[in-house]
Structure formats: C-alpha cells, structure tokens
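# Coordinates for the following, if possible.
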Amino acid sequence: MFIAGFPAGAWGTNCYLVAPAAGEECVIVDPGHEATAGVEAMIREHRLKPVAVVLTHGHLDHVASVVPVCGAKNVPAWIHPEDRYMLTDPEKALGRSIGAQLLGELTIGEPDDLRLLTDGSELELAGLKLTVDHAPGHTKGSVTFRTPATEEIPPVLFSGDLLFAGSIGRTDLPGGNHTAIMQSLARVCLPLDDATVVLSGHGEQTTIGRERATNPYLKQAAGAVTAPAAPRRGM
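The predicted model follows:
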C-alpha cells in the first residue's frame with residue numbers, strides 16, 4: 001500500500017492519498033482548508049488517479065476542499081450522515097462565525113455525488129478495503145477508516161480527530177461530547193493490534209501500541225488512569 005500525506009491550511013490538517021501503489025487509483029482522505037494545491041501536487045508527483053474522497057468528519061479544516069477536489073476529478077465523496085450538514089453550514093458546526101474573509105476563500109456546499117457512511121461498512125475503493133467505524137465524540141458523525149494487515153505491512157487506522165499522538169480531539173464544539181469520545185476510544189482503538197499505524201487528522205504518525213502505553217486518554221479508556229479534560233486541538 002502507498003500513502004502520501006501533507007498538512008494543509010491554517011490548522012495544519014493532514015490530508016492523505018492512499019493507493020495500492022504509486023501510479024494507480026487512489027482515495028483521498030480529508031481534503032481540508034487549502035488542500036487543493038497539495039492534492040494536485042501529490043497526484044502529479046506519484047501519478048495517481050483519484051476515484052473517491054472519504055471524510056473522517058465534517059469540520060471545515062477537514063472538508064473545505066471537497067467541492068473543488070471532487071468537481072475537478074468527477075469523483076464521489078463519503079461522509080457520515082450526522083455530519084452532512086457541516087458541508088453547507090460550517091459556522092453552525094463551530095458555534096461561532098468563521099469570518100467573512102475566510103468564508104470568501106471557501107467553496108461551501110456538497111459535491112455533486114455525496115454518499116453516506118454507516119458503522120461497520122466496508123468500502124472497496126481503488127483496490128483497497130476500508131472498514132468504517134463510527135466514532136462520535138469530537139463530532140456526532142466522526143468516523144475512522146481501517147485497512148487490513150498484510151504479510152508486508154501492518155494495519156493502518158486513519159483516525160481523524162479521534163486519536164492523536166499523545167492526545168485526542170477536542171470536545172467543546174457543537175456535537176462534541178467527552179464521554180462519547182472516551183467510549184469511542186475504548187470501542188474503536190483499544191481492540192486494535194499494537195502494530196496498527198495511526199495516521200491522524202493533526203500531528204505526527206504513531207501506533208496503537210505507543211498510544212496504549214503513553215496516551216493518558218487511551219489509558220483512561222482502558223480504565224488505567226484518570227486523564228485531564230480534552231484539549232483544544234484542531235478547529
């Protein structure tokens with residue numbers, strides 16, 4: 001499996017392009033604020049052909065480039081129904097104004113072909129299998145995407161803003177819920193193999209094993225410690 005990623009926009013949100021190998025069809029994960037140019041650069045550099053966009057949740061820093069990316073490539077986008085409204089009303093999702101200057105830079109709306117994710121479903125896209133796990137807490141419609149292990153590579157978890165290296169997503173915005181995110185950590189992350197590579201919405205790559213040993217929130221989800229309140233990372 002081939003994965004290229006880069007941090008985009010004002011919030012440094014990680015956007016990933018995933019393919020069986022360079023030069024093949026790919027899936028784009030979370031094309032957020034100001035991600036369009038980076039996506040195009042990765043496509044050219046690695047000779048990729050996008051066939052789908054998948055979204056871990058609906059916050060602006062993860063979806064702001066969905067319309068131009070999907071429109072330019074004529075591909076569908078996938079989002080959980082609980083976060084669909086954020087594509088057309090990003091300010092409602094944040095509980096505050098994002099400012100006329102920033103709004104003027106954005107293409108707000110749904111792509112022409114929008115499809116809805118369900119918990120436990122398996123997407124077969126670009127020769128890849130992605131398992132969807134509903135993981136509310138950061139938003140009501142947050143999801144993760146898992147790839148299976150092979151003989152050559154460990155499984156990969158695209159965790160969005162559920163799990164970061166050393167931390168978790170904020171829960172103080174509309175739809176956020178600290179109890180729910182702790183439950184999602186326990187249900188979605190704790191059962192995974194320690195070798196699982198975690199590619200999150202912000203920050204560095206990590207593994208489930210590293211987070212199980214060091215992340216206070218994952219430790220709390222396992223009943224081992226009491227963690228501090230959720231931080232304010234991301235939007």
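
# contacts, neighbours, all on C-alpha from now
Fine.

# I'd like to know how far the closest residue to residue 32 other than its chain neighbours sits from residue 29.
Distances taken as Cα to Cα, 6 or more residues apart in numbering place residue 62 nearest to residue 32, at 3.8 Å, with adjacent residues excluded. Noted for residue 62: a distance of 9 Å to residue 29, by Cα to Cα, to the nearest Å.

# Overlap in contacts, those two.
Taking Cα atoms under 8 Å, 6 or more residues apart in numbering as the contact rule, the neighbours common to residue 62 and residue 29 are 15, 55, 56.

# neighbour count winner among residue 62 and residue 29?
More neighbours surround residue 62 than the other of residue 62 and residue 29, with 30 against 26 (other Cα atoms under 10 Å).

# Surely the more buried one and residue 16 touch.
No - Residue 62 is beyond contact range of residue 16, at 11.0 Å (criterion: Cα atoms under 8 Å).

# taking the mean pLDDT, what do you get for stretch 36-44?
Averaging pLDDT along stretch 36-44 gives 96.

# try stretch 197-217
Stretch 197-217 shows an average pLDDT of 97 in the prediction.

# first to last residue in that stretch, what's the distance?
Using Cα to Cα, first and last residues of stretch 197-217 are 18 Å apart.

# and what of stretch 176-190?
In stretch 176-190, first residue to last residue: 21 Å (Cα to Cα).

# Figure out how far it is from the centre of its chain.
15 Å (Cα atoms, centre = their mean, to the nearest Å).

# would you say residue 52 is within a helix?
No - under DSSP: H, G, I helix; E, B strand; the rest coil, residue 52 falls outside any helix and is assigned strand.

# Check which residues of stretch 24-32 are buried.
Across stretch 24-32, burial judged by 16 or more other Cα atoms under 10 Å covers 24, 25, 26, 27, 28, 29, 30, 31, 32.

# so where's the longest helix in this structure?
helix 36-46 (DSSP state H).

# Can you list the buried residues in it?
Buried residues in helix 36-46, defined by neighbour count with 16+ other Cα under 10 Å: 36, 38, 39, 42, 43.

# before we move on, what about stretch 217-225?
By 16+ other Cα under 10 Å, the buried positions in stretch 217-225 come out as 217, 218, 219, 220, 221, 222.

# Show me the strands in this protein, by range?
Ranges of strands in the chain, per DSSP state E, are 2-8, 13-19, 25-29, 49-54, 77-79, 114-116, 122-125, 128-134, 143-147, 156-160, 163-164, 167-168, 197-200, 206-207.

# how much does the second one deviate in direction from strand 49-54?
With axes from the mean of the first three to the mean of the last three Cα atoms, to 10 degrees as the basis, strand 13-19 and strand 49-54 are set at 130 degrees to each other.

# contacting residues for residue 145?
Residue 145 makes contact with 56, 130, 131, 132, 133, 157, 158, 159 under the criterion Cα under 8 Å, 6+ apart.

# For these, which single residue is the most surrounded?
residue 56 leads the contacts of residue 145 on contacts (other Cα under 10 Å) with 31 neighbours.

# Hmm, residue 157 and that one touching each other?
No - using Cα under 8 Å, residue 56 is not in contact with residue 157, being 11.1 Å away.

# what's the pLDDT at residue 224?
Confidence at residue 224, expressed as pLDDT, is 62.

# do the same with residue 33
We have a pLDDT of 89 for residue 33.

# Next, count neighbours for it.
Neighbour number of residue 33 under other Cα under 10 Å is 25.
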